[in-house]
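Participant: Generate a structure from the sequence data that follows.
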Amino acid sequence: MSKVQSGLKYSTEHEWITDGSPVTIGISAVAADALGEVVYVELPEVGAQLTAGSVCGEVESTKSVSELFAPVSGEVVEVNEAAVADPAVINSDPYGEGWLFRVAVTEEGLLLSPEEYAAANDAELSA
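Facilitator: As a prediction, the model looks like this:
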C-alpha cells in the first residue's frame, strides 16, 4: 500500500505541495508506485508562469507517460536538477530528494488534505 505523507497538501492529479511560499512540489508515492520505474522527467523552466490545473511537465516510466499538472499558480523559482539527472530518485524518495520544483505562489488550486487524499486513493497515511 502506498504511503501518503502528512503535513502536505495534495492535488487530485497526485502532486503534493508544502505550505508557505515558495512551495515545494513533487508527485506522491501513490503516483510513483502506479507509474513504476521513472526513467525521464520534464519540468517547467525557472521563470515559467504556471496556472493551477494546467499541464506543466511530464513523468515517463517504463510503463507509461504521465502529465504533471500545476497544483498552484505562480512563478517557478527552482527546479530539482538532481531529479532530472536521476529520475529514479522520484521512486525511492518521492517526498524528499525526489521533489520536482518550487513555485512562488499567487493562488492555490483545489487541494486535498492528506486524509482526504489517502482515502480517495486507498493509501496509508504516514507520520
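
Participant: which helices and strands does the helix or strand containing residue 91 pack with?
Facilitator: Assigned by DSSP states H and E, residue 91 belongs to helix 89-92. With contacts defined as 3 or more CB pairs under 8 Å, 6 or more residues apart in numbering; DSSP states H and E, the packing partners of helix 89-92 are helix 29-35, strand 38-42, helix 81-85. For every residue, glycine as well, the C-beta is placed using N, CA and C.

Participant: residue ranges with poor pLDDT in this protein?
Facilitator: Along the chain, segments meeting pLDDT under 70 span 127.

Participant: can I assume residue 61 is in contact with residue 36?
Facilitator: Yes: taking CB atoms under 8 Å as the definition, residue 61 is a contact partner of residue 36 at 4.7 Å.

Participant: Which of these two has more residues huddled nearby?
Facilitator: Each of residue 61 and residue 36 has its neighbours counted (other CB atoms under 10 Å); residue 61 has more, 20 against 12.
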